[in-house]
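Visitor: task: produce atomic coordinates for the following.
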Amino acid sequence: MLVLTRKPRQQIMIGDDIVINVVEVQGENVRIAIDAPREIKIYRGEIYRAIQEENQKAAAQITNVDLHGALPLK
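Guide: A predicted model of the protein is given here:
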């Protein structure tokens, strides 16, 4: 893990296409702006974990599906 110290209006570059701008620091809160290509999905950590949990639950339900009775693909 890389740990960096940045001040407001300073940037972090990730590759050639992703720029993280430190917008504001107030106490323990840091506001950042992320500039990345549209195809890059960006989530807050807690949202990403919730999505992963839901995907795992959905995948577990799929294993209980009887595929022998499924309609043929066209």
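Visitor: from here on, contacts and neighbour counts on C-alpha atoms
Guide: OK.
Visitor: SS state for the residue nearest to the spatial centre of the chain?
Guide: In the chain, the C-alpha nearest the mean C-alpha coordinate belongs to Tyr43, at 3.4 Å (Cα atoms, centre = their mean). Taken by DSSP: H, G, I helix; E, B strand; the rest coil, the conformation at Tyr43 corresponds to coil.
Visitor: ramachandran angles for it?
Guide: The phi and psi values for Tyr43, taken as degrees, to the nearest 10, are phi -130, psi 150.
Visitor: the protein: strands as residue ranges?
Guide: In the chain, strands defined by DSSP state E lie at 11-14, 18-26, 29-35, listed in chain order.
Visitor: and the ones you listed: which comes nearest Ala50?
Guide: strand 29-35 (21.2 Å; Cα to Cα).
Visitor: tell me which strands that closest one pairs with, and in which orientation.
Guide: In the sheet containing strand 29-35, the strands it pairs with under DSSP bridges are strand 18-26 (antiparallel).
Visitor: which residues sit in contact with Val19?
Guide: Counting by Cα atoms under 8 Å, 6 or more residues apart in numbering, Val19 makes contact with Gln11, Ile12, Met13, Ile34, Asp35, Ala36.
Visitor: kindly recompute the last result at 10 Å.
Guide: By Cα atoms under 10 Å, 6 or more residues apart in numbering, the contact set of Val19 is Gln11, Ile12, Met13, Ala33, Ile34, Asp35, Ala36.
Visitor: cool, Ile12 as well?
Guide: With contact taken as Cα under 10 Å, 6+ apart, Ile12 is in contact with Leu4, Thr5, Arg6, Ile18, Val19, Ile20, Asn21, Val22, Ile34.
Visitor: 7 Å instead?
Guide: Taking Cα atoms under 7 Å, 6 or more residues apart in numbering as the contact definition, Ile12 lies against Val19, Ile20, Asn21.
Visitor: looking at these, which is nearest Glu53?
Guide: Within the set of the contacts of Ile12, Ile20 lies nearest Glu53; the separation is 27.2 Å, counting by Cα to Cα.
Visitor: fine by me, we can end here.
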